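Colleague: sequence and computational prediction follow.
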Amino acid sequence: MAGRERVVRMSVEQPLWRALTAYRVLTLVYAALLAGFGREKYERPWVAVAFLVVLALWTALTLPRVANAASCTKRFLGLDLVVALTGILLTPLADFDAQHSDGPTLPSIWTAGSVLAFALKGGWRWAAFASTLVAAANIVERGEPSEDTFHNVLLVWVASIAIGYVVEVARASERTLARALEIEAATRERERLARDIHDSVLQVLAMVQRRGTALGGEAAELGRMAGEQEVALRTLVSSGLVPTTRVSEDSAEGAVVRVVEAEGPGSAESDLRTLLAPHASSRVTFAEPGAPVMLAAGAARELAAAVSAALDNVRVHAGPAAQAWILVEDEPDEVIVTVRDDGPGIPEGRLDQAEGEGRLGVALSIRGRLRDLGGTAELISVSGEGTEVELKVPKVSRGKAGSAR
């Protein structure tokens with residue numbers, strides 16, 4: 001079946017990169033304001049001004065570098081850290097009393113942004129490396145470090161390592177989620193293929209088996225062989241051995257899941273009545289609204305296939321003399337199709353037994369289809385009073401059958 005590829009890019013760390021970009025701009029403004037309000041304390045104010053101009057240019061020019069992990073290269077991280085360390089070590093040249101006070105360094109808290117970039121790029125080990133160098137630079141700048149200096153150094157060190165660890169956990173969770181989506185997509189494709197097989201090949205094999213047994217002779221042997229192949233194929237379908245391929249991959253911007261969606265609910269619409277009308281016969285009564293019942297084309301086809309599967313069950317299990325009725329109701333938010341028959345009904349526990357034997361007509365051809373459409377399938381059966389299957393599909397379908405690629 002024709003399909004289209006849908007790319008799902010997941011990156012739980014991308015918001016952190018955006019936050020880091022904003023942090024670098026805001027802390028640059030903060031460092032400039034600190035220098036402006038405290039300009040009287042600088043013996044060499046030109047040193048402070050020169051560094052802040054360089055810092056402003058560096059920050060503005062490198063904003064795209066901290067937009068994501070791919071553009072934040074090791075070389076950039078190294079240069080960025082050198083700028084921060086240089087600002088720290090230049091502070092005593094601008095402020096002679098810097099070593100004897102607890103005032104801010106020239107880059108102030110902008111330095112933390114450089115360390116956080118290491119944490120986002122490489123995790124807690126990279127963060128520990130960068131924060132250790134920053135700690136050493138602060139201690140050298142102070143000369144005789146005070147308790148406040150150690151407190152600030154320890155705070156940066158612990159915070160950056162913690163953030164780096166959180167990023168590593170987030171990446172692991174991202175890979176786990178991508179794998180879960182991969183499994184879900186593969187499972188949906190297996191179910192879709194199983195429905196198609198059930199609606200075509202398995203039905204034909206079952207018919208050949210019944211007719212061959214009834215005719216006898218050489219036809220009986222043909223029927224026996226068809227029965228064996230039916231059992232083998234049902235076992236293959238129910239065991240989940242339908243071939244699938246991987247759908248996820250890793251990238252610098254997070255996990256990528258590529259799903260090729262089977263042709264399904266789209267923008268085109270179909271009148272459900274035209275798809276169900278061919279089922280009407282002397283033994284099947286079709287009751288429809290007077291106006292068109294419009295559904296997305298894919299949803300209408302899947303719903304019609306589920307109705308066909310329900311009628312197949314009537315023919316097989318209720319007997320050739322059973323009467324069936326199809327009722328279509330067009331509600332404001334959903335379409336309801338009811339298939340009812342006057343057969344003997346389904347014994348309690350028979351559906352579970354059939355599913356265990358690999359007979360997945362109700363489980364896949366009916367309930368599976370409705371689940372993929374975001375709808376529901378309710379089956380009510382009373383022994384001796386027939387069976388009723390109620391199919392509900394929302395006007396805006398939420399489900400999508402996908403296949404991995």
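Modeller: Looks like it came in fine. Numbering: from 1, shown residues only.

Colleague: switch to C-alpha atoms for all contacts and neighbour counts from now on
Modeller: Noted.

Colleague: would you map the helices across the stretch 51-200 of the chain?
Modeller: For the stretch 51-200 of the chain, the helices defined by DSSP state H, counting those that start in this stretch cover 74-94, 110-122, 124-142, 147-197.

Colleague: which one of those helices lies nearest to residue 279?
Modeller: Nearest to residue 279, of all the helices of the stretch 51-200 of the chain, is helix 147-197, at 18.8 Å by C-alpha to C-alpha.

Colleague: that closest one - contacts with which helices or strands?
Modeller: Applying 3 or more C-alpha pairs under 8 Å, 6 or more residues apart in numbering; DSSP states H and E, we find helix 147-197 packed against helix 110-122, helix 124-142, strand 248-251, strand 254-262, strand 402-404.

Colleague: out of the helices of the stretch 51-200 of the chain, which is the most enclosed?
Modeller: Stretch with highest mean neighbour count among the helices of the stretch 51-200 of the chain: helix 110-122 (a mean of 25; mean count of other C-alpha atoms under 10 Å).

Colleague: low-scoring stretches of the stretch 101-250 of the chain, by residue?
Modeller: 101-102, 144-149, 186-187, 189-207, 209, 226-250 (pLDDT under 70).

Colleague: give me that answer again for 80
Modeller: Applying pLDDT under 80 to the stretch 101-250 of the chain picks out residues 101-103, 142-157, 170-171, 174-175, 177-250.

Colleague: what residues sit buried inside stretch 331-344?
Modeller: Neighbour counts using 16 or more other C-alpha atoms under 10 Å place 335, 336, 337, 338, 339, 340, 341, 342, 343, 344 of stretch 331-344 among the buried residues.

Colleague: what about that stretch, distance to the chain center?
Modeller: Relative to its chain's centre, stretch 331-344 lies at 33 Å (C-alpha atoms, centre = their mean, to the nearest Å).

Colleague: and it, how far apart are its ends?
Modeller: One end of stretch 331-344 sits 31 Å from the other (C-alpha to C-alpha, to the nearest Å).

Colleague: so for it, mean pLDDT?
Modeller: What stretch 331-344 shows for mean pLDDT is 90.

Colleague: for stretch 306-322, same thing?
Modeller: Averaging pLDDT along stretch 306-322 gives 80.

Colleague: buried sites along it?
Modeller: For stretch 306-322, using 16+ other C-alpha under 10 Å, the buried residues are 306, 307, 308, 309, 310, 311, 314, 315, 318, 322.

Colleague: now swap in stretch 46-65 and tell me
Modeller: Buried, per 16+ other C-alpha under 10 Å, within stretch 46-65: 47, 48, 49, 51, 52, 55, 56, 59, 63, 65.

Colleague: want to throw the buried residues of stretch 331-344 into JSON lines with secondary structure and distance to residue 374?
Modeller: As requested, these are exported to JSON lines (DSSP: H, G, I helix; E, B strand; the rest coil; distance: C-alpha to C-alpha, whole Å):
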{"residue": "335", "secondary structure": "strand", "distance to residue 374": "12"}
{"residue": "336", "secondary structure": "strand", "distance to residue 374": "13"}
{"residue": "337", "secondary structure": "strand", "distance to residue 374": "15"}
{"residue": "338", "secondary structure": "strand", "distance to residue 374": "17"}
{"residue": "339", "secondary structure": "strand", "distance to residue 374": "19"}
{"residue": "340", "secondary structure": "strand", "distance to residue 374": "22"}
{"residue": "341", "secondary structure": "strand", "distance to residue 374": "25"}
{"residue": "342", "secondary structure": "coil", "distance to residue 374": "29"}
{"residue": "343", "secondary structure": "coil", "distance to residue 374": "29"}
{"residue": "344", "secondary structure": "coil", "distance to residue 374": "31"}
